[in-house]
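> requesting a structural model of the entry that follows:
(2 chains)
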Amino acid sequence: MIEGISIYEILTLTSVLFFVGIYGFITRKNLISILISVELIFNASVVNFVVINKYLFPDILQGVFVSIFIIAVAAAETALAVSIIINLYRQISSVEVKDTEIMKY
Amino acid sequence: MERYIFYAVALMMIVFAIASVTTRKMLRSVIYLLFVLTGIAGIFFLVDYNFLAAIQLTVYAGGIIVLVIFSVLLVHQIEMKLEVAKISKKIVTALACLVGTGVFVTTIYSYDFKVAENATTTTTADIGFGLLSYEAGGFILPFEVISVLLLAAMVGAIIIAKGKKLIPKSDETI
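Residues are numbered from 1 along each chain as shown, chains lettered A, B, ... in the order given. The predicted structure is shown next:
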């Protein structure tokens, strides 16, 4: 644990990060920007898992394992999302959300 | 000392996160996200989980950011400005997010966490044994599932990004 820092301050930090991600997710109109906001939300949750593990249950490592899995799933999700965006750009020459009207070409 | 480092890192993360979701230049947004991710790795170092910090730096700051930059460069002119939402929508969303943050923070501060005093260091060997153990509390099954998931995601990403089928060359053109 961090000397002089209570769990409340770190949880406040992750809450702020989470809602910044939500704000970006709602206001952005571009697929890549939405992906970036989702990454912010993921990271806030990962820090929450790790910090709660370290501060409340230091003897077990479940939070660390869960955050490793979250990072792996986020990496897979980003790779798939990027490939979908590139394919979409080839077909409609745009990555704006409002131009994305068809699911099958 | 660690306290001031934490405050500096937290301030940097919040500022760059807000910059990342409000800037109008695509590539800058990605670079700001890179700073946020590096700050999170710094927090992992501060709570003494070195292995997780290394994962964060390699997978996120090294891998995902490069992927996103790659896609930005493929689909955008660098200097292109992003379309912005209507100002009324922005204000409503910002207010809702502020209210949400307030609810979260009041809930967190009204709960009494039973913090256990400790200074134990977790080694990478502990994490490895935990991931591969099939006794109670072991994580061997999710570990295997995640390996299959990564393989499937890799194959899927290649197939989707490849686009149209390659046309086989016919023999008559010789």
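> going by C-alpha atoms from here, please, whenever you check contacts or count neighbours.
Fine.
> mind listing what's buried in the helix or strand of chain A with the lowest mean pLDDT?
Lowest by mean pLDDT, DSSP states H and E among the helices and strands of chain A is helix A:62-92, with a mean of 89. By neighbour count on 16 or more other C-alpha atoms under 10 Å in any protein chain shown, the buried set for helix A:62-92 is A:62-89.
> could you list every helix and strand in contact with that helix?
For helix A:62-92, the packing partners by 3 or more C-alpha pairs under 8 Å, 6 or more residues apart in numbering or on different chains; DSSP states H and E come out as helix A:31-56, helix B:50-55, helix B:65-75, helix B:124-132, helix B:140-162.
> run the chain-centre distance for that helix.
10 Å (C-alpha atoms, centre = their mean, to the nearest Å).
> and the angle for it with helix A:31-56?
Taking axes from the mean of the first three to the mean of the last three C-alpha atoms, to 10 degrees, helix A:62-92 and helix A:31-56 form an angle of 180 degrees between their directions.
> and chain B, what are its domains?
Per automatic domain parsing, the structural domains of chain B span B:1-81, B:83-112, B:122-163.
> compare these and give me the one nearest A:Lys29.
Evaluated over the domains of chain B, closeness to A:Lys29 peaks at domain B:83-112, with 6.8 Å, by C-alpha to C-alpha.
> what's the mean pLDDT across the closest one?
The pLDDT scores in domain B:83-112 average 91.
> from chain A, how far off is B:Ala8?
12 Å (C-alpha to the nearest C-alpha, to the nearest Å).
> and that residue, that one's in a helix?
Yes: secondary structure of B:Ala8, determined by DSSP: H, G, I helix; E, B strand; the rest coil: located in a helix.
> that one: how many residues sit nearby?
By other C-alpha atoms under 10 Å in any protein chain shown, 12 other residues sit near B:Ala8.
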